[in-house]
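Asker: attaching a predicted model along with its sequence, questions to come.
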Amino acid sequence: MNHISNVVSLHPYFTPHFGKLEALTKLMPQFVARTQTESGNLYYEFTFNGDKIFCREGYVGAEGALAHLANVSDLLEQLLQNASLDRLEIHGPQAELDKLKNAFEGMHPIWFSSLVGVNR
């Protein structure tokens, strides 16, 4: 088996509530501004496909993901008042996923444990 890094990626998919897309697009720069301050963040961006919103985000280990969750918790609350969380995938090494189980259990994520990969 190849060495797997401790990178954790979150893959949330949202659908805006009726008439709330504009409110969400105004909220997204606030997420980005806060995330830019996080030393454990590797990448972070929002993408769209019709009425679906996806946030592509990666962190150095569970600690980076947990720091992010704490940093944007109030913004996430606002987002979830204006959109539904359709699906949340969390990808990473099993040891890192285990550290995240309690923090994300209310969001009912789908857990993907790393098997093999390439580190550069």
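Answerer: Right, received. Where do you want to start? As the structure is a prediction and not an experimental result, all values here were calculated from the model.

Asker: need the next SSE after the longest helix belonging to the chain, C-terminal direction.
Answerer: When the chain is parsed with DSSP state H, its longest helix is helix 21-35. Per DSSP states H and E, the first helix or strand lying C-terminal to helix 21-35 is strand 41-49.

Asker: list the helices and strands the next helix or strand after that next one packs on?
Answerer: Following strand 41-49 in sequence order, the next helix or strand is strand 52-60 (DSSP H and E). The contact analysis (3 or more Cβ pairs under 8 Å, 6 or more residues apart in numbering; DSSP states H and E) places strand 52-60 against strand 7-16, helix 21-35, strand 41-49, helix 61-71. C-beta coordinates here come from the backbone N, C-alpha and C atoms, glycine included.

Asker: returning to that earlier point: list the buried residues for the longest helix of the chain?
Answerer: Within helix 21-35, the residues that count as buried by 16 or more other Cβ atoms under 10 Å are 21, 24, 27, 31, 34, 35.

Asker: you'd agree the second one is up against residue 78?
Answerer: In other words, residue 24. No. Between residue 24 and residue 78 there is no contact under Cβ atoms under 8 Å: 9.0 Å.

Asker: what's the closest of the buried residues of helix 21-35 to residue 95?
Answerer: Closest approach to residue 95 among the buried residues of helix 21-35 (Cβ to Cβ): residue 35, at 24.0 Å.

Asker: mind checking how far the closest one is from residue 117?
Answerer: 24 Å (Cβ to Cβ, to the nearest Å).
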